[in-house]
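Q: Just the structure for this:
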Amino acid sequence: MSINDFIEKNNIAIFVKADLKTKRMEIIKRNVELESYDLFQQLILFGNTDNLCASIDGQILPRIWTQGNTKCIVCKPKQEQLVALFYDNNMNATDNYFHAKKLDLLLKELV
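A: Numbers count the residues shown, from 1 in each chain. Down below sits the predicted model:
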């Protein structure tokens, strides 16, 4: 499965791959609107790889943030890499947690 297939199949609006070594972020945005772009702006647009890394330091992964129906999960599929996924859904917290765990496992196989 390619990254584009993963994004499409899992209805991901924005996929961000952060390389912790080079401090660069690659952003793939689908033509899907999010209910809120606040999380994306705070974590990615107005942030950097160091801040993103610090935001998950000591946290159980994947790290999940929500803003209304917009969700962001941050995974660490490789030692020097973070991936942030932004999507909308109306799952309750428990269902979204298990959904995030599934996406995390799929990412570890993909990247």
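Q: Contact partners for Ala84?
A: Neighbouring residues of Ala84 by CB atoms under 8 Å, 6 or more residues apart in numbering: Ile14, Phe15, Val16, Ala18, Leu43, Ile44, Leu52, Cys72, Ile73, Val74, Cys75. From N, CA and C alone the C-beta is placed, and that goes for glycine too.
Q: So what touches the helix or strand where Thr94 lies?
A: Assigned by DSSP states H and E, Thr94 belongs to helix 93-110. Outside helix 93-110, the residues within contact range by CB under 8 Å, 6+ apart are 1, 3, 6, 10, 61-62, 64, 66, 71, 73, 75, 77, 83, 85, 89, 91.
Q: What residues of it count as buried?
A: By neighbour count on 16 or more other CB atoms under 10 Å, the buried set for helix 93-110 is Asn96, His99, Ala100, Leu103, Asp104, Leu106, Leu107.
Q: Which one of those is nearest to Ile28?
A: Leu107 (13.2 Å; CB to CB).
Q: hang on, the earlier thing: which of the buried residues of helix 93-110 sits closest to Glu26?
A: Distances from Glu26 to the buried residues of helix 93-110, taken by CB to CB, are shortest for Leu107, at 13.9 Å.
Q: Please tell me how far the closest residue in space to the closest one that isn't next to it in sequence sits from Lys17.
A: Distances taken as CB to CB, 6 or more residues apart in numbering put Pro77 closest to Leu107, at 4.6 Å, once the chain neighbours are dropped. Pro77 sits 9 Å away from Lys17, taking CB to CB, to the nearest Å as the criterion.
Q: Nice, that's everything, thank you.
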